[in-house]
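**Student:** could you work out the structure for the sequence below:
(chains A and B)
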Amino acid sequence: MCSVCGCGDHAHDHHHHDHDHAHDHAHEHAHAPGLTPTRMVQVERDIMAENQRHADANRRFFAAQGLFVLNLVSSPGSGKTTLLVKTVEALKAALPVAVIEGDQQTGLDAERIKATGVAAHQINTGKGCHLDAHGIGHALEHLPALQGGVLFIENVGNLVCPAGFDLGEAHKVVVLSTTEGEDKPLKYPDMFHAADLMVINKADLLPYVDFSVETAVANAQRVNPRIKVLTLSARTGEGMSAWLGWISGGAAQAKALAD
Amino acid sequence: MHEMALCEGLVSALEEQARAQSFARVHAVFLEIGALATIEPEAMSFNFPIVARGTLAEGAALHIAHVDGHAWCMACSAKVAVRQHGDGCPDCGSYQLQVLDGQQMRISQLEVS
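**Tutor:** The predicted model follows:
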C-alpha cells in the first residue's frame, strides 16, 4: 500500500508517517476502484499571507500620502481613547489627523473622537477579536485626505490577537496603565514583542497603586530589548509633551519621505 | 478567537492553491508553526474542521510541525534556541536577544486530489 496517499483503504488514518522528505510526485500506479489518487504538493505559503497582502497595500498608500500611522493596542480600560482624545486635540491645529476606532460593539469611542472635531471611523468587529488590514483599507474610504498627517488606529482592547495582525502601520504602540500589573509584558509577551513603543499611562495614579515603572520597563525590555518607553498621564497632561514630540517627529519623517 | 480567523485565512489559501496547482480536494494540510508564532496550535486544530466544513478541505487532516525559535544573543554573539518570548539566553541568561526565526505560520505541503 502506498503510505502517502493511503490507496487501498481510505477509511483508516494514514498520516502517521514523517514528512521530512519531498513528495512532489503523482502516483501513476493503479488504485482501488472508486478511490481518487492523491498527490503531495509543496506550498511554502504563510497563513497570514492574505492579511499581509492588504497590510503591504495599506503601507504603500500611507507612504505615498506621507502619512504616519500608529496602531494602538492594550487591554480594555488602559485609557487608549482618553489618550487619543487629548492627543488629537493637541495635534489637530498643526497636522491633519484622524482616528479609526476598533471595538466589538458600539460607536462610543468614535463619538468621543468626533466631539473634538477630528474625523473618526468606527469598525465594529462583532465576534472578532482584532482589526485586520483589509478592514483598515475599507475604513480609509470613510476618512478625509490626510496627506502629511497622522492616522491613529485604536485596536480592539485585547493584548493577544492584535499582535499577529499587521495593519500597515509604522509602529504598534502598546499602552499599559498603572492600574494593571507590571507583569503584563511577561504574561502577554507577543504584544510587547511586536510593539516599538510602550506608553505607561495613568502616571498620576502612581502614588496610590502598587506599580513599579522600573519593573514594568524591565519586564518589557526582557521580551523586547528594542522597546522605547514613555510614561505619562493623559488625564493630567504630565509627560504628554514627550509623546506629542515623538508623534510629530515621526510625522515629519513620513512627510519628508513622501515629498 | 483569532485562530478562527487564521483558519479562514488557511482555507482561502487552500482555495487559491487549488486554482494555481489544479486540484479539487485537500486531504491533508501540513503546517509549520514556529515556537514564537502568535498562534495556539491546539486552537487551530480545534477550529480547522469547523471552518473547513463545506469547503474543498472538508474532513482534511491537519498536521502541525513545531519549529524551534532562534535568536541572536548580543552578549554571547551567537545564535541560540529560544522557546518563548521573555526567556533569556540559554547559555548566559541575557535578555538582549534579537529574534531570528520561529515566528512562522506556514503551509508547507498539501495532500490533494
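**Student:** quick one: the strands in chain A?
**Tutor:** A:39-46, A:68-74, A:97-103, A:119-124, A:150-154, A:171-177, A:197-201, A:228-231 (DSSP state E).
**Student:** look up how far chain A lies from the residue located most distally from the centre of chain B.
**Tutor:** Most distant from the centre of chain B: B:A75, at 29.3 Å, with distances by C-alpha atoms, centre = their mean. Using C-beta to the nearest C-beta, to the nearest Å, one gets 11 Å for the distance from B:A75 to chain A. (Each C-beta comes from the backbone N, C-alpha and C, glycine too.)
**Student:** what's the closest non-adjacent residue to that residue?
**Tutor:** Closest residue to B:A75 apart from its sequence neighbours, by C-beta to C-beta, 6 or more residues apart in numbering or on different chains: B:S94 at 3.9 Å.
**Student:** how about the strands of chain B, start to end?
**Tutor:** B:26-34, B:61-67, B:69-73, B:78-82, B:97-101, B:105-112.
**Student:** CA-only coordinates of the first one in CSV, if you can.
**Tutor:** Extracted C-alpha coordinates of strand B:26-34, given in CSV (Å, rounded to 0.1, in the frame of the first residue of the first chain):
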residue,chain,number,x,y,z
VAL,B,26,-7.5,18.7,0.0
HIS,B,27,-7.0,15.6,2.1
ALA,B,28,-4.2,16.7,4.4
VAL,B,29,-2.6,20.0,5.3
PHE,B,30,0.9,20.2,6.7
LEU,B,31,1.7,23.3,8.7
GLU,B,32,4.9,24.6,10.2
ILE,B,33,4.3,26.7,13.3
GLY,B,34,7.2,28.4,15.0
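**Student:** within the sheet, what are the partner strands of that strand, with directions?
**Tutor:** strand B:61-67 (parallel), strand B:105-112 (antiparallel) (DSSP bridges).
**Student:** can you count the residues close to the nearest residue to A:L206 once chain neighbours are set aside?
**Tutor:** The shortest distance from A:L206 to any residue other than its chain neighbours is 5.5 Å, reached at A:T178 (C-beta to C-beta, 6+ apart). Look at A:T178: counted by other C-beta atoms under 10 Å in any protein chain shown, it has 25 neighbours.
**Student:** what's stretch A:238-250 in contact with?
**Tutor:** Residues outside stretch A:238-250 that contact it (C-beta atoms under 8 Å, 6 or more residues apart in numbering or on different chains): A:68, A:70, A:86-87, A:90-91, A:94-95, A:150, A:170-171, A:197, A:199, A:203-204, A:228, A:230-234.
**Student:** ok, and for that stretch, which residues are buried?
**Tutor:** A:239-240, A:243-244, A:246-248, A:250 (16 or more other C-beta atoms under 10 Å in any protein chain shown).
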